[in-house]
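[1] Would you be able to build a 3D model of this:
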Amino acid sequence: MRAIVIEEFGGPEVLTLVDVPEPRPGPGQVAIDIAYAGVNFADILARSIGYRVAELPFRPGLEVSGLVREVGDGVSEFTPGQEVAAFLDGGGYADVVVAPASAVFVLPGGIDLRTAATLPSVLPTAYGLLHEVARLREGDTVLVQSAAGGVGTVAGQLARAGGASAVYGVVSSLEKAEHALKSGYDQVFTIDTFDQEVLAATGGRGVDIALDAVGGETFRRTKAVVARFGRLISFGNAGGAGPWRIGAEDVMPTALTVGGFSLLGLAAADPALLRVMADRAFHTVTEGGVELPVSAEFGLADAAQAHVLVESRTSTGKLLIRVAD
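    Next up is the predicted model:
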């Protein structure tokens with residue numbers, strides 16, 4: 001079978017298409033014939049700096065959709081031919097992947113394989129950020145960094161559906177603002193001036209919830225526009241700065257709550273909870289409340305082009321790799 005393999009860290013050119021043996025599922029596992037694989041920023045970090053890569057060679061790809069090929073011993077909830085989606089710790093850029101049964105989800109009615117590949121990573125992330133960590137309440141105001149990306153596109157819609165009174169987004173350029181405005185955002189600001197504009201839009205009060213995937217200076221500036229009793233949640237470090245640090249002097253004056261969320265961390269530590277949360281999140285799609293548009297699609301052999309587009313910071317929505325014809 002075909003698979004994209006990384007033998008060394010570096011630019012998109014290190015993504016190599018090779019022939020490898022087809023994997024067989026072990027006890028508690030499911031083998032999946034992949035139809036589509038989602039492209040995530042974590043894939044770019046794995047390829048470039050070894051983010052969460054235990055050893056080389058490594059196969060990227062954290063989310064897929066496809067058909068159940070075979071099940072291992074002890075797996076009774078899946079049968080060959082079922083349409084499923086799966087959240088992985090790698091290996092999704094391939095014809096076939098083996099995943100723990102706990103990380104595989106039967107597709108709800110009305111969701112096709114192409115749409116399903118956009119969901120396993122970004123949808124539970126956005127849902128977990130807003131509902132499990134930030135505890136979104138009716139009437140809250142919400143600010144989302146990287147509002148035109150995959151998580152940002154979903155988070156804007158979920159915040160609106162969850163009763164937020166105002167949803168603000170931040171994008172890296174005005175070219176991305178139109179996309180974000182279609183995803184539940186009332187106003188969209190650019191990264192250069194967002195802090196001033198958020199305070200102006202809220203009458204100087206700030207927002208109740210802020211979600212940040214950038215880190216560094218952006219995290220600091222975001223913290224400055226969170227209202228009293230507000231919640232600031234970090235879920236990434238796309239800017240590449242060092243880890244943020246919070247002291248008593250940062251949180252006590254305004255009773256600020258600062259938290260973090262990692263879907264990969266949750267999948268490793270508590271897959272049962274991930275399944276419960278993902279099931280809740282998937283229902284938001286079947287109920288018509290959330291849509292994640294695919295902005296570009298690439299063949300498996302062209303995976304490097306997908307990474308180039310992500311790193312250009314010009315993409316919006318979701319990028320997919322089409323594996324099956």
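[2] from the middle of its chain, how far away would stretch 120-131 be?
    Relative to the centre of its chain, stretch 120-131 is centred 7 Å away, using CA atoms, centre = their mean, to the nearest Å.
[3] which residues are in contact with that stretch?
    38, 40, 42, 62-64, 85-87, 105, 136, 142, 150-151, 153-155, 158-159, 162, 209, 211, 233, 235, 261, 263, 266, 274, 277-278, 280-282, 284-285, 290, 292, 318 (CB atoms under 8 Å, 6 or more residues apart in numbering). C-betas here are computed from N, CA, C, even on glycine.
[4] cool, and stretch 262-280?
    Stretch 262-280 is contacted by residues 42, 52, 62, 87, 89, 100, 102-103, 105, 120-121, 123-125, 127-128, 131-132, 235 when judged by CB under 8 Å, 6+ apart.
[5] now the strands for the stretch 201-325 of the chain?
    Assigned by DSSP state E, counting those that start in this stretch, the stretch 201-325 of the chain shows strands spanning 207-212, 226-234, 257-260, 294-299, 318-322.
[6] and those, which is most packed in?
    Ranked by mean neighbour count, these are led by strand 207-212 with a mean of 27 (mean count of other CB atoms under 10 Å).
[7] Show residues contacting that one.
    So strand 207-212 is contacted by 129-130, 134, 136-137, 140-145, 155, 159, 164, 168, 198, 218-219, 222-223, 225-227, 229-236 (CB under 8 Å, 6+ apart).
[8] Kindly format the C-alpha coordinates of stretch 137-151 as PDB.
    This file holds the C-alpha atoms of stretch 137-151, laid out as PDB (Å, rounded to 0.1, in the frame of the first residue of the first chain):
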ATOM      1  CA  ARG A 137     -22.800  30.400  29.200                       C
ATOM      2  CA  GLU A 138     -25.700  32.100  27.600                       C
ATOM      3  CA  GLY A 139     -24.800  35.800  26.900                       C
ATOM      4  CA  ASP A 140     -21.000  35.300  27.100                       C
ATOM      5  CA  THR A 141     -18.800  37.300  24.700                       C
ATOM      6  CA  VAL A 142     -16.200  35.200  22.900                       C
ATOM      7  CA  LEU A 143     -12.900  36.000  21.100                       C
ATOM      8  CA  VAL A 144     -11.200  33.400  18.900                       C
ATOM      9  CA  GLN A 145      -7.700  33.700  17.500                       C
ATOM     10  CA  SER A 146      -7.000  32.200  14.000                       C
ATOM     11  CA  ALA A 147     -10.700  32.600  13.300                       C
ATOM     12  CA  ALA A 148     -10.400  31.600   9.600                       C
ATOM     13  CA  GLY A 149      -8.600  28.300  10.300                       C
ATOM     14  CA  GLY A 150     -10.300  24.900  10.900                       C
ATOM     15  CA  VAL A 151     -10.800  25.200  14.700                       C
END
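[9] Tell me which residues of it come out buried.
    For stretch 137-151, burial by neighbour count (16 or more other CB atoms under 10 Å) applies to 140-151.
[10] hmm, which of the contacts of stretch 262-280 are the buried ones?
    For these, buried by 16+ other CB under 10 Å: 42, 62, 87, 89, 100, 102-103, 105, 120-121, 123-125, 127-128, 131-132, 235.
[11] Those in strands, which ones?
    The strands, defined by DSSP state E, take in 87, 100, 105 from these.
[12] Got phi/psi on the nearest residue to I6 once chain neighbours are set aside?
    Nearest non-adjacent residue to I6, counting by CB to CB, 6 or more residues apart in numbering: F58, 4.7 Å away. Dihedral pair for F58: phi -130, psi 140, per degrees, to the nearest 10.
[13] So F58 is in contact with G92, correct?
    No. Applying CB atoms under 8 Å as the test, F58 and G92 come out as separate, 11.8 Å apart.
[14] Look at the two and report which has more neighbours.
    Applying other CB atoms under 10 Å to F58 and G92 shows that G92 carries more neighbours, namely 33 against 19.
[15] From what I see, the more buried one and G61 are in contact.
    Yes. Using CB under 8 Å, G92 is in contact with G61, at 2.3 Å.
[16] if I look at these two, which residues touch both of them?
    Contact criterion CB under 8 Å, 6+ apart; residues shared by G92 and G61: 37-38.
[17] Now find how far off-centre stretch 179-191 is within its chain.
    Per CA atoms, centre = their mean, the centroid offset for stretch 179-191 relative to its chain is 18 Å.
[18] for that stretch, how far is the first residue from the last?
    Using CA to CA, to the nearest Å, the end-to-end distance of stretch 179-191 comes to 16 Å.
[19] List the contacts of it.
    Residues outside stretch 179-191 that contact it (CB under 8 Å, 6+ apart): 144, 147-148, 152-154, 156-161, 166-174, 176-177, 197-198, 201, 218, 316-317.
[20] What are the buried residues along that stretch?
    179-181, 183-189, 191.
[21] which one of the residues you listed is nearest P253?
    Closest approach to P253 among these (CB to CB): F189, at 24.7 Å.
[22] Now the closest one: which helix or strand?
    Per DSSP states H and E, F189 falls inside strand 187-190.
[23] strands paired with that strand, and their directions?
    Sheet pairing of strand 187-190 (DSSP bridges) gives strand 166-171 (parallel).
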